[in-house]
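Participant: Predicted model, plus sequence, below.
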Amino acid sequence: MSVSIQSSLILAAAASLAIAVGIAASGPPAAAQAGPTAAAGPASPLCASGAQQSPVDLVDAIEADTPPVGFNWSVTRGGTVTNTGSTLEVDLSLSGSLETQGQSYTLKGFHFHTPSEHTIEGRKFPLEIHMVHETEAGALVIVGVLVQEGPPLDQLDPIWATTPVRPGAAQVLFEIDPMRLIPGDRTHYRYEGSTTTPPCAETATWIVMASPISASRAQIEAYLQLFSSNARPVQPLNRRYILKSRSFTPPSSAQPQEPQRLERPQRMVHKGP
């Protein structure tokens, strides 16, 4: 597996670089402009002095009836895969939304950190995926998904193979199903925080899934060949509290990596605590 993924990265590099020149010239993808990977020049004062910074260690959480979360994500082929120089970012188009507390947040894309930025009672994971959602007013909901070593995650191979080996972007020419990137168990932690890179804006609601998904060692090592470490250290919780939803697994999510396919395109709606 490792050899084939590495070969795919090398074979894709030349084509990706050619596409990257044209795409990069038009500016960074929307998710980069709006989400936690935004490049903002010099570090914002909030990064050092903010009282609600992210990530945090998820410890001493209060189990509660948290606001319901609707994952209205859909399969898409549009978008770009970008090597920003510090992370791998997938910018999506027409990929659905997330609903919570009466507000709809558009899924802009997702990106990766290694090791995980959030920890659970001090435990780190090899990777963390951030699914970035935003309203027109700029409010953010970021879904964090922790990744541990285990069985391979089929959605990663085409993303890895498309990623330019140098900073730049390449078009997504394959199907991306965001629902394959979250666990079937929708139990999650919830707290108020910030983006994890400048400007460290304290405008984000974090929903971090309590159960990790898995990726193979070869897939994790393939990412590490491009980005050795890009995680922000955990930040003080200060006077905030962390909520943990009650256990909930939607019946349709018993096998999250094998969702039912329909003859006609249809949005997949999953609701949980």
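Facilitator: All right, it came through fine. Numbers count the residues shown, from 1 in each chain.
Participant: Show me the shaky parts of the stretch 101-250 of the chain.
Facilitator: By pLDDT under 70, the low-scoring segments of the stretch 101-250 of the chain are 248-250.
Participant: can you give me the strands in it?
Facilitator: Using DSSP state E, counting those that start in this stretch, the strands of the stretch 101-250 of the chain run over 103-113, 119-120, 127-134, 140-149, 168-171, 188-193, 204-209, 213-215, 243-245.
Participant: Most tightly packed of those?
Facilitator: Among the strands of the stretch 101-250 of the chain, strand 127-134 has the highest mean neighbour count (mean count of other C-beta atoms under 10 Å), at a mean of 26. C-beta: built from backbone N, CA, C; applies to glycine.
Participant: how much space between the most centrally placed residue in the chain and C200?
Facilitator: With distances taken as C-alpha atoms, centre = their mean, the residue of the chain nearest its centroid is H130 (2.2 Å). Distance of H130 to C200, computed by C-beta to C-beta, to the nearest Å: 14 Å.
Participant: One more: F174?
Facilitator: For F174, the distance to C200 equals 33 Å [C-beta to C-beta].
Participant: Helices of the stretch 151-273 of the chain, start to end?
Facilitator: 156-162, 217-224 (DSSP state H, counting those that start in this stretch).
Participant: Minimum distance to E121: which of those helices has it?
Facilitator: When the helices of the stretch 151-273 of the chain are compared by C-beta to C-beta, helix 217-224 sits nearest E121, at 21.7 Å.
Participant: That closest one relative to strand 140-149, how many degrees between them?
Facilitator: Going by axes from the mean of the first three to the mean of the last three C-alpha atoms, to 10 degrees, helix 217-224 is angled at 130 degrees with respect to strand 140-149.
Participant: related to what we said a few turns ago, I'd like the strands of the stretch 101-250 of the chain laid out as a markdown table, including distance to P233.
Facilitator: Output for the strands of the stretch 101-250 of the chain, formatted as a markdown table (distance: least, C-beta to C-beta, whole Å):
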| stretch | distance to P233 |
| --- | --- |
| strand 103-113 | 12 |
| strand 119-120 | 10 |
| strand 127-134 | 13 |
| strand 140-149 | 15 |
| strand 168-171 | 28 |
| strand 188-193 | 14 |
| strand 204-209 | 16 |
| strand 213-215 | 23 |
| strand 243-245 | 22 |
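Participant: count of residues packed around E121?
Facilitator: Applying other C-beta atoms under 10 Å, we find 9 residues neighbouring E121.
Participant: Which pLDDT does the model give the closest residue to G78 other than its chain neighbours?
Facilitator: Sequence neighbours aside, S93 is the residue nearest to G78 in space, at 3.9 Å (criterion: C-beta to C-beta, 6 or more residues apart in numbering). As predicted, S93 sits at a pLDDT of 77.
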